[in-house]
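K.L.:
My questions concern the predicted model and sequence given below.
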Amino acid sequence: MLDKLTKESFEPSKGSVFTVRLGDDAALPLELTVVAGNGLKGAASREQFSLHFRGPVTPALVQRTYRLEHPQFGALDIFLVPIRKDADGMIYEAVFT
């Protein structure tokens with residue numbers, strides 16, 4: 001399913017919350033803050049794009065694939081990379097090529 005999603009698929013969801021399940025009872029909210037394309041086509045014959053998510057400072061997620069849940073998309077397995085911490089939380093990036 002991920003290979004069918006495009007930058008345009010995510011743009012209407014900017015500002016919405018995706019939920020990462022960390023265990024049986026633990027969940028972490030991640031707000032989609034940035035949807036950005038680079039104008040280049042990747043292996044999936046779509047424009048390459050990246051998503052930035054903002055989450056709380058703790059717990060900080062390590063770089064790996066997480067299952068993100070969202071009302072519009074359902075469950076998506078997305079590789080997240082922590083890229084920086086700012087005054088509002090931790091920023092994670094997902095890149096789609």
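P.N.:
Looks like it came in fine.
K.L.:
only C-alpha atoms for contact and neighbour calcs from this point on.
P.N.:
Will do.
K.L.:
what's the next secondary structure element after the lowest-mean-pLDDT helix or strand in the chain?
P.N.:
Least confident helix or strand, the chain: strand 27-41 with a mean of 91, by mean pLDDT, DSSP states H and E. Counting by DSSP states H and E, the element after strand 27-41 in chain order, helix or strand, is strand 47-55.
K.L.:
Just the CA coordinates for that next one, please, in PDB.
P.N.:
The C-alpha coordinates for strand 47-55 follow below in PDB (Å, rounded to 0.1, in the frame of the first residue of the first chain):
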ATOM      1  CA  GLU A  47       7.400  12.200  -6.800                       C
ATOM      2  CA  GLN A  48       9.800  11.500  -4.000                       C
ATOM      3  CA  PHE A  49       8.600  13.100  -0.700                       C
ATOM      4  CA  SER A  50       9.100  13.300   3.000                       C
ATOM      5  CA  LEU A  51       6.900  13.600   6.000                       C
ATOM      6  CA  HIS A  52       7.800  15.200   9.300                       C
ATOM      7  CA  PHE A  53       6.100  14.200  12.500                       C
ATOM      8  CA  ARG A  54       6.300  15.900  15.800                       C
ATOM      9  CA  GLY A  55       6.000  13.900  19.000                       C
END
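K.L.:
Packing partners of it?
P.N.:
Applying 3 or more CA pairs under 8 Å, 6 or more residues apart in numbering; DSSP states H and E, one finds that strand 47-55 contacts helix 7-10, strand 27-41, strand 89-96.
K.L.:
Check which helices and strands the shortest one is in contact with.
P.N.:
Secondary structure elements in contact with helix 7-10, counted by 3+ CA pairs under 8 Å, 6+ apart, are strand 27-41, strand 47-55.
K.L.:
Quick check: which of those is buried the most?
P.N.:
Most buried of these by mean neighbour count (mean count of other CA atoms under 10 Å) is strand 47-55; its value is a mean of 21.
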